[in-house]
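> I would like to see how this sequence folds:
(chains A and B)
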Number of protein chains: 2
Amino acid sequence: MSTPVPGPRGEYRKSAQRREEILDAAFEVFSRSGYAASSVSEIARTVGMTQTGLLHHFDGKLALLQAVLERRDRDAREVLEGRRGVEWLAGLLEINRRNTGRRGVVQLYAILAAEATVPDHPARPYFVDRFAVIVNATERAFVQCREDGVLRPGVDPRQTAVDAVSLTEGAQLLWLSDLPGVDVMASVRRCIAAALTVPF
Amino acid sequence: MSTPVPGPRGEYRKSAQRREEILDAAFEVFSRSGYAASSVSEIARTVGMTQTGLLHHFDGKLALLQAVLERRDRDAREVLEGRRGVEWLAGLLEINRRNTGRRGVVQLYAILAAEATVPDHPARPYFVDRFAVIVNATERAFVQCREDGVLRPGVDPRQTAVDAVSLTEGAQLLWLSDLPGVDVMASVRRCIAAALTVPF
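Alright, predicted model coming up:
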(Lines give C-alpha, C1' and ligand atoms only; values in the text may rest on other atoms or scores of the structure.)
Protein backbone atom coordinates (compact mmCIF):
# COMPACT_ATOMS: atom_id res chain seq x y z
CA MET A 1 0.00 0.00 0.00
CA SER A 2 1.19 3.50 -0.65
CA THR A 3 0.00 5.08 2.63
CA PRO A 4 1.37 4.45 6.16
CA VAL A 5 -1.02 2.30 8.20
CA PRO A 6 -1.21 1.44 11.91
CA GLY A 7 -0.80 -2.35 11.60
CA PRO A 8 -1.80 -5.45 9.63
CA ARG A 9 -5.50 -5.37 10.58
CA GLY A 10 -5.77 -1.59 10.13
CA GLU A 11 -3.92 -1.87 6.85
CA TYR A 12 -6.31 -4.50 5.59
CA ARG A 13 -9.36 -2.50 6.66
CA LYS A 14 -8.02 0.68 5.09
CA SER A 15 -7.14 -1.08 1.86
CA ALA A 16 -10.55 -2.75 1.68
CA GLN A 17 -12.21 0.61 2.22
CA ARG A 18 -10.03 2.21 -0.46
CA ARG A 19 -10.98 -0.57 -2.89
CA GLU A 20 -14.66 0.11 -2.28
CA GLU A 21 -14.11 3.83 -2.93
CA ILE A 22 -12.27 3.04 -6.15
CA LEU A 23 -15.09 0.72 -7.24
CA ASP A 24 -17.65 3.45 -6.50
CA ALA A 25 -15.65 5.80 -8.74
CA ALA A 26 -15.18 3.16 -11.45
CA PHE A 27 -18.90 2.46 -11.33
CA GLU A 28 -19.66 6.18 -11.69
CA VAL A 29 -17.30 6.66 -14.64
CA PHE A 30 -18.36 3.45 -16.45
CA SER A 31 -22.03 4.39 -15.94
CA ARG A 32 -21.47 7.82 -17.45
CA SER A 33 -19.29 6.86 -20.40
CA GLY A 34 -19.59 3.10 -20.94
CA TYR A 35 -16.53 0.87 -20.79
CA ALA A 36 -14.91 1.72 -24.13
CA ALA A 37 -14.81 5.50 -23.58
CA SER A 38 -13.71 5.31 -19.89
CA SER A 39 -10.10 5.55 -18.71
CA VAL A 40 -8.22 4.53 -15.57
CA SER A 41 -6.90 8.10 -15.25
CA GLU A 42 -10.48 9.46 -15.17
CA ILE A 43 -11.43 6.92 -12.49
CA ALA A 44 -8.31 7.83 -10.47
CA ARG A 45 -9.18 11.53 -10.75
CA THR A 46 -12.76 10.84 -9.61
CA VAL A 47 -11.58 9.07 -6.45
CA GLY A 48 -8.80 11.64 -5.87
CA MET A 49 -5.83 9.31 -6.41
CA THR A 50 -2.97 9.14 -8.84
CA GLN A 51 -3.24 6.55 -11.60
CA THR A 52 -0.20 4.77 -10.13
CA GLY A 53 -1.85 4.70 -6.69
CA LEU A 54 -5.01 3.21 -8.15
CA LEU A 55 -3.05 0.55 -10.05
CA HIS A 56 -1.71 -0.73 -6.69
CA HIS A 57 -5.26 -1.89 -5.97
CA PHE A 58 -6.51 -2.97 -9.41
CA ASP A 59 -4.49 -4.25 -12.33
CA GLY A 60 -6.01 -2.01 -15.04
CA LYS A 61 -9.39 -1.09 -16.53
CA LEU A 62 -10.59 -4.64 -17.17
CA ALA A 63 -9.87 -5.69 -13.56
CA LEU A 64 -11.90 -2.66 -12.40
CA LEU A 65 -14.79 -3.61 -14.62
CA GLN A 66 -14.78 -7.21 -13.42
CA ALA A 67 -14.73 -6.10 -9.77
CA VAL A 68 -17.64 -3.69 -10.37
CA LEU A 69 -19.69 -6.44 -12.05
CA GLU A 70 -18.85 -9.00 -9.36
CA ARG A 71 -19.86 -6.64 -6.57
CA ARG A 72 -23.29 -6.27 -8.14
CA ASP A 73 -23.74 -9.99 -8.80
CA ARG A 74 -22.94 -10.82 -5.16
CA ASP A 75 -26.02 -8.88 -4.14
CA ALA A 76 -28.30 -10.80 -6.53
CA ARG A 77 -26.87 -14.14 -5.42
CA GLU A 78 -27.65 -13.30 -1.80
CA VAL A 79 -31.31 -12.70 -2.67
CA LEU A 80 -31.65 -16.00 -4.57
CA GLU A 81 -29.61 -18.23 -2.26
CA GLY A 82 -31.46 -21.23 -0.78
CA ARG A 83 -34.65 -20.62 -2.81
CA ARG A 84 -36.30 -22.97 -5.30
CA GLY A 85 -39.27 -23.00 -7.69
CA VAL A 86 -41.85 -20.27 -7.18
CA GLU A 87 -39.83 -18.79 -4.30
CA TRP A 88 -36.78 -18.45 -6.54
CA LEU A 89 -38.91 -16.72 -9.21
CA ALA A 90 -40.21 -14.37 -6.51
CA GLY A 91 -36.54 -13.60 -5.75
CA LEU A 92 -36.11 -12.47 -9.38
CA LEU A 93 -38.97 -10.02 -8.85
CA GLU A 94 -37.32 -8.81 -5.64
CA ILE A 95 -34.08 -8.10 -7.55
CA ASN A 96 -36.07 -6.17 -10.14
CA ARG A 97 -37.80 -4.23 -7.36
CA ARG A 98 -34.44 -3.26 -5.88
CA ASN A 99 -33.13 -2.24 -9.29
CA THR A 100 -35.81 0.44 -9.68
CA GLY A 101 -33.88 2.37 -7.03
CA ARG A 102 -30.54 1.82 -8.79
CA ARG A 103 -30.85 3.40 -12.18
CA GLY A 104 -27.06 3.82 -12.47
CA VAL A 105 -26.31 0.10 -12.01
CA VAL A 106 -29.04 -0.92 -14.42
CA GLN A 107 -27.75 1.60 -16.96
CA LEU A 108 -24.14 0.43 -16.61
CA TYR A 109 -25.26 -3.15 -17.15
CA ALA A 110 -27.38 -2.25 -20.17
CA ILE A 111 -24.55 -0.31 -21.84
CA LEU A 112 -21.88 -2.92 -21.09
CA ALA A 113 -24.07 -5.85 -22.12
CA ALA A 114 -24.74 -4.17 -25.48
CA GLU A 115 -21.09 -3.13 -26.00
CA ALA A 116 -20.06 -6.69 -25.13
CA THR A 117 -22.01 -8.17 -28.06
CA VAL A 118 -19.00 -7.19 -30.20
CA PRO A 119 -16.85 -10.35 -30.42
CA ASP A 120 -13.54 -8.91 -29.15
CA HIS A 121 -14.97 -6.82 -26.31
CA PRO A 122 -13.17 -7.65 -23.02
CA ALA A 123 -16.48 -8.01 -21.13
CA ARG A 124 -17.92 -10.44 -23.69
CA PRO A 125 -17.03 -13.67 -21.82
CA TYR A 126 -18.55 -12.20 -18.65
CA PHE A 127 -21.91 -11.41 -20.31
CA VAL A 128 -22.10 -14.60 -22.39
CA ASP A 129 -21.58 -16.51 -19.15
CA ARG A 130 -23.88 -14.30 -17.10
CA PHE A 131 -26.83 -14.69 -19.49
CA ALA A 132 -26.28 -18.46 -19.65
CA VAL A 133 -26.18 -18.71 -15.84
CA ILE A 134 -29.31 -16.62 -15.27
CA VAL A 135 -31.34 -18.31 -18.03
CA ASN A 136 -30.28 -21.79 -16.87
CA ALA A 137 -31.16 -20.95 -13.25
CA THR A 138 -34.55 -19.56 -14.33
CA GLU A 139 -35.20 -22.68 -16.41
CA ARG A 140 -34.35 -24.83 -13.36
CA ALA A 141 -36.84 -22.86 -11.25
CA PHE A 142 -39.59 -23.51 -13.84
CA VAL A 143 -38.69 -27.23 -13.87
CA GLN A 144 -39.01 -27.22 -10.06
CA CYS A 145 -42.42 -25.52 -10.46
CA ARG A 146 -43.43 -28.44 -12.69
CA GLU A 147 -42.20 -30.91 -10.04
CA ASP A 148 -44.24 -28.98 -7.49
CA GLY A 149 -47.32 -29.21 -9.76
CA VAL A 150 -47.67 -25.43 -10.26
CA LEU A 151 -46.44 -25.08 -13.87
CA ARG A 152 -49.22 -24.53 -16.41
CA PRO A 153 -49.54 -27.56 -18.76
CA GLY A 154 -47.77 -27.05 -22.11
CA VAL A 155 -45.33 -24.45 -20.78
CA ASP A 156 -41.74 -25.05 -21.90
CA PRO A 157 -39.35 -24.21 -19.00
CA ARG A 158 -36.46 -23.26 -21.32
CA GLN A 159 -38.49 -21.03 -23.65
CA THR A 160 -40.22 -19.35 -20.73
CA ALA A 161 -36.87 -18.72 -19.04
CA VAL A 162 -35.48 -17.12 -22.23
CA ASP A 163 -38.62 -14.97 -22.47
CA ALA A 164 -38.53 -13.90 -18.81
CA VAL A 165 -34.86 -12.88 -18.97
CA SER A 166 -35.34 -11.19 -22.38
CA LEU A 167 -38.32 -9.28 -21.05
CA THR A 168 -36.30 -8.11 -18.04
CA GLU A 169 -33.44 -6.83 -20.20
CA GLY A 170 -35.73 -5.18 -22.75
CA ALA A 171 -38.07 -3.57 -20.22
CA GLN A 172 -35.04 -2.12 -18.43
CA LEU A 173 -33.89 -0.55 -21.70
CA LEU A 174 -37.33 1.03 -22.30
CA TRP A 175 -37.46 2.21 -18.68
CA LEU A 176 -33.99 3.80 -19.05
CA SER A 177 -35.27 5.44 -22.26
CA ASP A 178 -38.03 7.13 -20.20
CA LEU A 179 -40.89 5.44 -22.02
CA PRO A 180 -44.07 6.25 -20.08
CA GLY A 181 -45.87 3.34 -18.40
CA VAL A 182 -42.88 0.95 -18.18
CA ASP A 183 -42.81 -1.07 -14.95
CA VAL A 184 -40.07 -3.71 -15.26
CA MET A 185 -41.21 -5.66 -12.21
CA ALA A 186 -44.84 -5.72 -13.39
CA SER A 187 -43.81 -6.94 -16.86
CA VAL A 188 -41.68 -9.76 -15.43
CA ARG A 189 -44.46 -10.67 -12.99
CA ARG A 190 -47.01 -10.96 -15.84
CA CYS A 191 -44.63 -13.14 -17.86
CA ILE A 192 -43.96 -15.53 -14.95
CA ALA A 193 -47.57 -15.52 -13.68
CA ALA A 194 -48.79 -16.61 -17.15
CA ALA A 195 -46.66 -19.77 -16.80
CA LEU A 196 -47.95 -20.77 -13.36
CA THR A 197 -51.21 -22.22 -12.03
CA VAL A 198 -50.84 -20.43 -8.66
CA PRO A 199 -51.14 -16.70 -7.97
CA PHE A 200 -47.80 -14.90 -8.39
CA MET B 1 -19.31 18.14 -54.97
CA SER B 2 -15.59 17.68 -55.06
CA THR B 3 -15.41 15.49 -58.18
CA PRO B 4 -16.16 16.55 -61.78
CA VAL B 5 -19.53 15.19 -62.99
CA PRO B 6 -21.15 14.99 -66.44
CA GLY B 7 -24.21 17.13 -65.65
CA PRO B 8 -26.93 17.90 -63.11
CA ARG B 9 -28.63 14.50 -63.30
CA GLY B 10 -25.36 12.57 -63.33
CA GLU B 11 -24.08 14.72 -60.50
CA TYR B 12 -27.15 13.94 -58.43
CA ARG B 13 -26.92 10.22 -59.11
CA LYS B 14 -23.22 10.16 -58.32
CA SER B 15 -23.70 12.13 -55.12
CA ALA B 16 -26.58 9.87 -54.01
CA GLN B 17 -24.41 6.82 -54.66
CA ARG B 18 -21.52 8.37 -52.73
CA ARG B 19 -23.85 9.08 -49.79
CA GLU B 20 -24.93 5.43 -49.74
CA GLU B 21 -21.28 4.33 -49.72
CA ILE B 22 -20.53 6.71 -46.88
CA LEU B 23 -23.53 5.39 -44.92
CA ASP B 24 -22.35 1.80 -45.47
CA ALA B 25 -18.96 2.79 -44.03
CA ALA B 26 -20.53 4.74 -41.14
CA PHE B 27 -22.72 1.76 -40.39
CA GLU B 28 -19.69 -0.55 -40.40
CA VAL B 29 -17.64 1.68 -38.09
CA PHE B 30 -20.54 2.42 -35.69
CA SER B 31 -21.37 -1.31 -35.56
CA ARG B 32 -17.81 -2.17 -34.65
CA SER B 33 -17.09 0.56 -32.13
CA GLY B 34 -20.41 2.07 -31.03
CA TYR B 35 -21.12 5.75 -31.52
CA ALA B 36 -18.97 7.20 -28.72
CA ALA B 37 -15.73 5.53 -29.79
CA SER B 38 -16.21 6.13 -33.56
CA SER B 39 -14.71 9.07 -35.48
CA VAL B 40 -15.49 10.80 -38.77
CA SER B 41 -11.87 10.30 -39.84
CA GLU B 42 -12.19 6.52 -39.38
CA ILE B 43 -15.40 6.50 -41.43
CA ALA B 44 -13.72 8.59 -44.15
CA ARG B 45 -10.76 6.19 -44.20
CA THR B 46 -13.11 3.19 -44.48
CA VAL B 47 -14.86 4.63 -47.56
CA GLY B 48 -11.55 5.87 -49.02
CA MET B 49 -12.24 9.61 -48.80
CA THR B 50 -10.65 12.52 -47.00
CA GLN B 51 -12.47 13.78 -43.92
CA THR B 52 -13.08 17.10 -45.75
CA GLY B 53 -14.55 15.24 -48.71
CA LEU B 54 -16.90 13.30 -46.44
CA LEU B 55 -18.02 16.47 -44.65
CA HIS B 56 -19.29 17.81 -48.01
CA HIS B 57 -21.95 15.10 -47.82
CA PHE B 58 -22.71 14.91 -44.07
CA ASP B 59 -22.34 17.64 -41.51
CA GLY B 60 -20.45 15.63 -38.87
CA LYS B 61 -20.74 12.42 -36.86
CA LEU B 62 -24.24 13.04 -35.50
CA ALA B 63 -25.63 13.69 -39.02
CA LEU B 64 -24.06 10.40 -40.13
CA LEU B 65 -25.64 8.55 -37.24
CA GLN B 66 -29.08 10.02 -37.93
CA ALA B 67 -28.84 9.10 -41.62
CA VAL B 68 -27.81 5.52 -40.76
CA LEU B 69 -30.75 5.16 -38.35
CA GLU B 70 -33.23 6.71 -40.78
CA ARG B 71 -32.17 4.41 -43.59
CA ARG B 72 -32.95 1.41 -41.39
CA ASP B 73 -36.29 2.78 -40.17
CA ARG B 74 -37.44 3.38 -43.74
CA ASP B 75 -37.27 -0.35 -44.36
CA ALA B 76 -39.41 -1.18 -41.29
CA ARG B 77 -41.98 1.47 -42.24
CA GLU B 78 -42.34 -0.09 -45.69
CA VAL B 79 -43.17 -3.48 -44.16
CA LEU B 80 -45.84 -2.03 -41.82
CA GLU B 81 -47.42 0.48 -44.20
CA GLY B 82 -51.15 0.02 -44.84
CA ARG B 83 -51.54 -2.80 -42.30
CA ARG B 84 -53.79 -2.86 -39.21
CA GLY B 85 -54.57 -5.15 -36.26
CA VAL B 86 -53.35 -8.73 -36.57
CA GLU B 87 -51.81 -8.00 -39.99
CA TRP B 88 -49.73 -5.17 -38.51
CA LEU B 89 -48.55 -7.49 -35.71
CA ALA B 90 -47.60 -10.05 -38.36
CA GLY B 91 -45.54 -7.26 -39.95
CA LEU B 92 -43.58 -6.92 -36.68
CA LEU B 93 -42.75 -10.62 -36.92
CA GLU B 94 -41.67 -10.15 -40.53
CA ILE B 95 -39.27 -7.36 -39.46
CA ASN B 96 -37.86 -9.68 -36.78
CA ARG B 97 -37.49 -12.44 -39.35
CA ARG B 98 -35.51 -10.10 -41.64
CA ASN B 99 -33.34 -8.97 -38.73
CA THR B 100 -32.03 -12.49 -38.15
CA GLY B 101 -30.07 -12.00 -41.39
CA ARG B 102 -28.76 -8.58 -40.31
CA ARG B 103 -26.79 -9.13 -37.17
CA GLY B 104 -24.75 -5.94 -37.74
CA VAL B 105 -27.79 -3.66 -37.86
CA VAL B 106 -29.35 -5.28 -34.81
CA GLN B 107 -26.05 -4.96 -32.95
CA LEU B 108 -25.62 -1.31 -33.89
CA TYR B 109 -29.14 -0.59 -32.67
CA ALA B 110 -28.61 -2.47 -29.41
CA ILE B 111 -25.35 -0.64 -28.64
CA LEU B 112 -26.67 2.79 -29.59
CA ALA B 113 -29.96 2.34 -27.74
CA ALA B 114 -28.06 1.41 -24.57
CA GLU B 115 -25.49 4.22 -24.97
CA ALA B 116 -28.37 6.64 -25.57
CA THR B 117 -29.88 5.97 -22.12
CA VAL B 118 -27.28 8.45 -20.80
CA PRO B 119 -29.11 11.82 -20.63
CA ASP B 120 -26.71 13.92 -22.73
CA HIS B 121 -26.07 11.33 -25.48
CA PRO B 122 -26.74 12.86 -28.92
CA ALA B 123 -28.86 9.89 -30.02
CA ARG B 124 -31.08 10.04 -26.90
CA PRO B 125 -33.94 12.04 -28.51
CA TYR B 126 -33.96 9.61 -31.44
CA PHE B 127 -34.33 6.52 -29.23
CA VAL B 128 -36.78 8.08 -26.75
CA ASP B 129 -38.93 9.00 -29.74
CA ARG B 130 -38.38 5.68 -31.54
CA PHE B 131 -39.47 3.56 -28.56
CA ALA B 132 -42.53 5.79 -28.02
CA VAL B 133 -43.50 5.50 -31.71
CA ILE B 134 -43.11 1.72 -31.86
CA VAL B 135 -44.88 1.03 -28.54
CA ASN B 136 -47.75 3.42 -29.44
CA ALA B 137 -48.14 1.79 -32.86
CA THR B 138 -48.13 -1.69 -31.29
CA GLU B 139 -50.72 -0.57 -28.72
CA ARG B 140 -52.88 0.76 -31.57
CA ALA B 141 -52.65 -2.61 -33.34
CA PHE B 142 -53.85 -4.41 -30.17
CA VAL B 143 -56.73 -1.90 -29.83
CA GLN B 144 -57.65 -2.69 -33.46
CA CYS B 145 -57.53 -6.40 -32.58
CA ARG B 146 -60.05 -5.69 -29.82
CA GLU B 147 -62.28 -3.82 -32.33
CA ASP B 148 -61.98 -6.83 -34.62
CA GLY B 149 -63.00 -9.15 -31.75
CA VAL B 150 -59.71 -11.10 -31.68
CA LEU B 151 -58.12 -9.71 -28.47
CA ARG B 152 -58.28 -12.08 -25.50
CA PRO B 153 -60.58 -10.67 -22.77
CA GLY B 154 -58.69 -8.92 -19.96
CA VAL B 155 -55.63 -8.13 -22.11
CA ASP B 156 -54.42 -4.52 -21.72
CA PRO B 157 -53.26 -3.20 -25.13
CA ARG B 158 -50.72 -0.77 -23.63
CA GLN B 159 -49.12 -3.27 -21.24
CA THR B 160 -48.98 -5.94 -23.91
CA ALA B 161 -47.37 -3.49 -26.34
CA VAL B 162 -44.70 -2.57 -23.76
CA ASP B 163 -44.07 -6.29 -23.13
CA ALA B 164 -43.88 -7.19 -26.85
CA VAL B 165 -41.38 -4.40 -27.61
CA SER B 166 -39.38 -5.14 -24.42
CA LEU B 167 -39.24 -8.81 -25.32
CA THR B 168 -37.99 -7.95 -28.82
CA GLU B 169 -35.19 -5.73 -27.52
CA GLY B 170 -34.17 -8.17 -24.76
CA ALA B 171 -34.28 -11.30 -26.93
CA GLN B 172 -32.10 -9.51 -29.50
CA LEU B 173 -29.54 -8.79 -26.78
CA LEU B 174 -29.50 -12.45 -25.68
CA TRP B 175 -29.26 -13.58 -29.31
CA LEU B 176 -26.31 -11.20 -29.90
CA SER B 177 -24.74 -12.66 -26.73
CA ASP B 178 -24.85 -16.12 -28.36
CA LEU B 179 -27.16 -17.63 -25.77
CA PRO B 180 -28.20 -21.06 -27.10
CA GLY B 181 -31.88 -21.54 -27.94
CA VAL B 182 -32.77 -17.86 -28.48
CA ASP B 183 -35.20 -17.29 -31.36
CA VAL B 184 -36.30 -13.64 -31.29
CA MET B 185 -39.14 -14.15 -33.75
CA ALA B 186 -40.49 -17.17 -31.83
CA SER B 187 -40.39 -15.26 -28.54
CA VAL B 188 -42.27 -12.28 -29.99
CA ARG B 189 -44.76 -14.64 -31.65
CA ARG B 190 -45.50 -16.37 -28.31
CA CYS B 191 -46.00 -13.03 -26.58
CA ILE B 192 -48.43 -11.73 -29.21
CA ALA B 193 -50.21 -15.07 -29.69
CA ALA B 194 -50.97 -15.21 -25.93
CA ALA B 195 -52.91 -11.93 -26.30
CA LEU B 196 -55.06 -13.07 -29.23
CA THR B 197 -58.00 -15.47 -29.65
CA VAL B 198 -56.98 -16.37 -33.21
CA PRO B 199 -53.96 -18.43 -34.34
CA PHE B 200 -50.86 -16.25 -34.83
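> near chain B, anything from the host helix or strand of residue A:25?
Assessed by DSSP states H and E, residue A:25 sits inside helix A:8-33. Yes - Helix A:8-33 is in contact with chain B by C-beta under 8 Å from any C-beta of the partner chain, via A:32, A:33. Quick note: C-beta positions are derived from backbone N, CA and C, even for glycine.
> counting contacts, what elements does that helix pack onto?
helix A:40-47, helix A:61-80, helix A:103-115 (3 or more C-beta pairs under 8 Å, 6 or more residues apart in numbering or on different chains; DSSP states H and E).
> ok, and for it, which residues are buried?
With burial defined by 16 or more other C-beta atoms under 10 Å in any protein chain shown, the residues of helix A:8-33 counted as buried are A:18, A:22, A:23, A:25, A:26, A:27, A:28, A:29, A:30, A:31, A:32, A:33.
> contacting residues around the second one?
It refers to residue A:22. Going by C-beta atoms under 8 Å, 6 or more residues apart in numbering or on different chains, residue A:22 touches A:43, A:47, A:49, A:54, A:57, A:58, A:64.
> Quick check: of the residues you listed, which lies closest to residue A:178?
residue A:43 (27.5 Å; C-beta to C-beta).
> Quick check: the closest one vs residue A:105, distance?
16 Å (C-beta to C-beta, to the nearest Å).
> Which one's more surrounded, those two?
Applying other C-beta atoms under 10 Å in any protein chain shown to residue A:43 and residue A:105 shows that residue A:43 carries more neighbours, namely 24 against 18.
> Contact partners for that one?
By C-beta under 8 Å, 6+ apart, the residues touching residue A:43 are A:22, A:25, A:26, A:29, A:54, A:61, A:64.
> quick one: pLDDT of it?
Model confidence at residue A:43, given as pLDDT, is 96.
> separation between it and residue B:110?
25 Å.
> closest to residue A:152 among the contacts of residue A:22?
Nearest to residue A:152 among the contacts of residue A:22 is residue A:64, at 44.1 Å by C-beta to C-beta.
> That closest one against residue A:24, yeah?
No - at 11.2 Å, residue A:64 does not count as touching residue A:24 under the criterion of C-beta atoms under 8 Å.
> Leaving out sequence neighbours, find the closest residue to residue A:158.
Excluding the flanking residues, the one nearest residue A:158 by C-beta to C-beta, 6 or more residues apart in numbering or on different chains is residue A:139, at 5.0 Å.
> Quick check: the one you found touching residue A:155?
No - between residue A:139 and residue A:155 there is no contact under C-beta under 8 Å: 11.4 Å.
> out of the two, which sits in the busier spot?
Shown here are residue A:139 and residue A:155; by other C-beta under 10 Å, residue A:139 has more neighbours (20 against 15).
> So what's the predicted local confidence for that one?
Residue A:139 is assigned a pLDDT of 97 by the prediction.
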